[in-house]
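> Here's my sequence, what's the structure:
(chains A and B)
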Amino acid sequence: MAWEFLTQTVLDATSATVASETFDAKEFLEIQFYKVGANVNPLITCNGDTSTNYARTYSPNGGSDVSNVNQTKIEFLYQGSTPTSYAIISISNQPDKEKMFIIQDMEENSSGSGTAPSIMQVVGKWVNTSDSITSVSFGNDDSGSYAAGSFLKIYGSS
Amino acid sequence: MSLNLVNPFMKFASGGTDPVFYREITRTTLGSAGDTIDSGTFDASKNLLILGNFISSGNIRPELQFNSETGTDYSRRGSQNGSSDVTETSANYIDPIIYQSGTGNSIYTVTNVVSESSQEKLSQTEACYSGSSGAGTAPDRTYFNGKFANTSDDITSVQYTNTESGNFDTGSQIIILGSVSGADTAWELIGSDSVTSGSTLETDVFTTKKFIYFQAYIDGGSPPSGDPYLRANQDSGNNYAFRGSNNGGSDFTGTSLTYWQNYGADSHSPRFIDGYILNQTNEEKLLVLSYTDTNDDGAGNAPERQEWIGKYSPASLSTNITRLGFYMQTGTFAEGELRVYGFD
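Predicted coordinates for the structure are as follows:
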């Protein structure tokens, strides 16, 4: 029941997505997700499900909470234009329950120390109650592409 | 043409090149009071988790630097006690926003970092300030993101410098964890429980560990049964205090309570809790916690969130946490899963 490494994907060329291969089901997951590339807005989907089975609540840069329901993905970025961003994503992955996400996101904003980074604090859910998450994909609905060096690493514990 | 590179052999290597769920890379503990804690040089890791325990001898403000870089290469955005964000740019440090006053008080920081040599380094910190001793005083909290605008080097050392009038006291410590391969995870499973009924979800007594990480999944059934209490050591004395925010609202506080509680949340379920505890002997035990619940079922209902901190001030501070549990106020668990990890 200790934490174990499940899978990783590291881009060595530009890509429209950063997707995992299929991994073993675990009750708890942690994803380390690193985006390189401006104008990329990561969109999380699970097990290839792109139906309106997602919802989220978020606070951008400490502002008031905002909610979105009946979504086809979980978004978590404040600024798609940020050259890089990094997110720690904790997930409860009970197979017969809605899956819950806690996302701590940090964003470069514009380059240089003259610009403060951005913050997004996000929680999300995927309302599937019949399957464990065994694959994830980070898509994009902005004009850019994921650049080489983008990665995801997935760990699990049961 | 896009190319996703996955090395299938990496998954099955026995301790070879697999990333690790945070192994210890290095640590520094002060043997005498001072204004600097320096990790020394360590091997690079793209993912870092830095745990900081700063004990005050007078006022202290732990300011973060990397690679001993003292130029104006840092910026930061964040908030204290749930107030509006403040920013600082072209700074010499990543500033923690507030300082800890007094002597014998503690700051616990949990900092995630990504370090890619050719990119600016990004960090995110949640911090719990113990404040005056005793559960009658709520702790303070900060939440901030920082960046180090270096684009030519990996992070290979970490420095915390005190810029207030006091010192970091003896025993102050930083632990650097990373996902780079080379050793097993630092987080040893020390306790767990799984229930589908009853009003108690708790570990057995475990061997005390200084650093604790835990996760819980709690389903109170339908209709929901209310918010469960979180307690250490089955202690129901008035030894708990906390501070937090529910769905981005103004901070709530609770003092001299007989529990930690996700106070202010609706009694919806299921819920998911992710927390870190500094379990230092002869100090108050400090908690940093994130929370979400599903609200009502279905994608038409947005989830809820909380971020909060807490402290546990047992009758004797030499008492360490050796058990964690959730206890229903009313009703029973339909399902509960608790996992507790730790290391010294």
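
> Quick check: residues of the stretch 51-200 of chain B near chain A?
Neighbours of chain A within the stretch 51-200 of chain B, by Cβ under 8 Å from any Cβ of the partner chain: B:72-79, B:83-85, B:87-91, B:112, B:114, B:116, B:118-120, B:122-124, B:143-147, B:149, B:179, B:185, B:187-189, B:192. Any C-beta I mention is one placed from the backbone N, CA and C, and that applies to glycine too.

> Look up phi and psi at the nearest residue in space to residue B:196 that is not next to it in sequence.
Distances taken as Cβ to Cβ, 6 or more residues apart in numbering or on different chains place residue B:335 nearest to residue B:196, at 5.5 Å, with adjacent residues excluded. Reported as degrees, to the nearest 10, the phi and psi values for residue B:335 are phi -160, psi 140.

> ok, now which ones touch the residue most central in space within chain A?
A centroid search over chain A (Cα atoms, centre = their mean) returns residue A:44, at 5.0 Å, as the residue closest to the centre. The neighbourhood of residue A:44, defined by Cβ atoms under 8 Å, 6 or more residues apart in numbering or on different chains, consists of A:54, A:73, A:74, A:75, A:76, A:89, A:101, A:124, A:136, A:137, A:138.

> Sitting in strands, which of these do you find?
With strands defined by DSSP state E, the entries of the contacts of residue A:44 inside them are A:54, A:74, A:75, A:89, A:101, A:124, A:136, A:137, A:138.

> do you know how far the spatially closest residue to the second one that is not a sequence neighbour is from residue B:304?
Same thing as residue A:74. Among residues not flanking residue A:74 along the chain, residue A:124 sits closest, at 3.9 Å (Cβ to Cβ, 6+ apart). Between residue A:124 and residue B:304 the distance, using Cβ to Cβ, to the nearest Å, works out to 11 Å.

> host element of the residue in chain A sticking out farthest from the centre?
When distances are taken from the C-alpha mean of chain A, residue A:114 lies farthest, 27.2 Å away, according to Cα atoms, centre = their mean. Of the helices and strands defined by DSSP states H and E, none includes residue A:114.

> now residue A:152, what's its secondary structure?
At residue A:152 the chain is in strand, as set by DSSP: H, G, I helix; E, B strand; the rest coil.

> Surely it and residue A:35 touch.
No: the criterion here is Cβ atoms under 8 Å, and residue A:152 misses it with residue A:35 at 9.5 Å.

> if we can go back for a sec, tell me which of the residues of the stretch 51-200 of chain B next to chain A fall in strands.
The strands in this structure, assigned by DSSP E, contain B:74-79, B:87-91, B:112, B:114, B:122-124, B:143-147, B:188-189, B:192 from these.

> Might you report the residue contacts of the closest residue to residue B:77 other than its chain neighbours?
With Cβ to Cβ, 6+ apart as the measure, residue A:116 is the residue that lies nearest to residue B:77, at 4.2 Å, once sequence neighbours are left out. Residue A:116 sits next to A:109, B:75, B:76, B:77, B:87, B:88, B:89, B:147 when contact means Cβ under 8 Å, 6+ apart.

> top of the residues you listed by neighbour count?
If you count neighbours using other Cβ atoms under 10 Å in any protein chain shown, the busiest of the contacts of residue A:116 is residue B:147, which has 29 neighbours.

> What sits closest to it if chain neighbours are left out?
Nearest non-adjacent residue to residue B:147, counting by Cβ to Cβ, 6+ apart: residue A:117, 4.6 Å away.

> what about residue A:99, how many residues close to it?
Around residue A:99 there are 26 other residues, counting by other Cβ under 10 Å.

> Name whatever forms a beta bridge with it.
Counting by DSSP bridges, residue A:99 forms beta bridges with residue A:126.
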